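Undergrad: take this sequence and fold it.
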Amino acid sequence: MAMDMGLDLVEMNSNGQTVIAKIMDYGKFKYEQKKRASDAKKKQKSVEVKEVWVKPFIEENDLKIKMKKLFEFLADGNKVKVAVMTKGSKKVLARGKDAVPELFARILEIIGDQGVLESKSKPDERTKSIIVAPAKVAK
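TA: Now for the predicted structure:
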């Protein structure tokens, strides 16, 4: 019957007790599936991770400028990695042991409910960082 119409007999579901088959143009079916997958991929938004670098002893105005940029990234729906440069002499590093956690706490306080802390760097890493994701907005 399918051959008489110039179509194909396509098995749709073979998992159940009854086998479901359709008479259709299989080439057209595969083309439409590929087209739908392509359209779905175009509409999909990929999340980027943007990066903001700060120093452990950053001044208030400099921090405000960095936070302004961070809020722009979050508003665009991107994740933001806030990295702290801990390079320097032993004297600076010894003085700044508590500076980095305090800075991260201050940054998270400024971000408030506009972002969510996603992850922190490991304690033994030289460059400390946190990743902040945009807060989900309830609709």
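Undergrad: please give the number of neighbouring residues around Lys22.
TA: Residues near Lys22, counting by other C-beta atoms under 10 Å, number 14. C-betas here are computed from N, CA, C, even on glycine.
Undergrad: now do the contacts for it.
TA: Taking C-beta atoms under 8 Å, 6 or more residues apart in numbering, we find Lys22 in contact with 9-10, 12.
Undergrad: from these, which ones fall inside strands?
TA: Applying DSSP state E to the contacts of Lys22, the entries found in strands are 9-10, 12.
Undergrad: can you list the domain ranges for this structure.
TA: 2-43, 49-134 (automatic domain parsing).
Undergrad: of all those domains, which gets the most neighbours per residue?
TA: Most buried of these, by mean neighbour count (mean count of other C-beta atoms under 10 Å): domain 49-134, with a mean of 14.
Undergrad: endpoint to endpoint, it covers what distance?
TA: Terminal residues of domain 49-134 are spaced 11 Å apart (C-alpha to C-alpha, to the nearest Å).
Undergrad: then stretch 69-86?
TA: Terminal-residue distance, stretch 69-86 (C-alpha to C-alpha): 21 Å.
Undergrad: chain center to it, what's the gap?
TA: Centre-to-centre, stretch 69-86 and its host chain are 12 Å apart (C-alpha atoms, centre = their mean, to the nearest Å).
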